[in-house]
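Engineer: need a structure here:
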Amino acid sequence: MLNKAVALVFLLAAMCAGYIKIGLPPVLIVGGSGVAAFALWQGSYLKRPSDPSVILPLFLLTVAALDVHMAEEYLTKFGPALSRQFDISWTEQSFLLIFAFVGPALYALTAAGLYLPRASPRFSVSSSRRSACSPAEGPPNTSHASWVARERSRSC
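Structural biologist: Predicted structure coming up:
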């Protein structure tokens, strides 16, 4: 539940900031994609978590393809063209800052979260449960999916 709330707050905050700083058209494009991704995430991964060893390579390939796409948009002056097209103030500097620097930093953190899946669930465990239960550390070769299933079945 906490993951859903954090993701939704981040999505809405990013959309509001984008609307204030850039304008409506990019928010509809990027924010609309974010809303669709949020819905798909709830209907798929949150119901049946996949093993990160399956997801991580595909995620990293997708990020690499997105980086190539961002380079193409930079080289073809997409940011300034979009500014002229929709009469919005989107400078090349802000385009680069968001899509070439901030975005990849978030993708790297996401990849780290997939690679180190046991770090994030501990944040949502209450201190009373932590003291009442023994640590749920599995062996290093335990898959994330089996770890998630074991955590969900634990009752302390």
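
Engineer: mind listing what's buried in the helix or strand that contains residue 20?
Structural biologist: Counting by DSSP states H and E, the element that carries residue 20 is helix 2-21. Neighbour counts over helix 2-21 (16 or more other Cβ atoms under 10 Å) mark 7, 14-15, 18 as buried. Quick note: C-beta positions are derived from backbone N, CA and C, even for glycine.

Engineer: Same check on stretch 52-62?
Structural biologist: Buried, per 16+ other Cβ under 10 Å, within stretch 52-62: 52, 56, 60.

Engineer: The helix holding residue 20 - contacts with which helices or strands?
Structural biologist: Packing partners of helix 2-21 (3 or more Cβ pairs under 8 Å, 6 or more residues apart in numbering; DSSP states H and E): helix 32-43.

Engineer: Which elements pack onto the helix it packs on?
Structural biologist: Checking 3+ Cβ pairs under 8 Å, 6+ apart, helix 32-43 ends up next to helix 2-21.

Engineer: next structured bit after the helix it packs on?
Structural biologist: helix 24-26.
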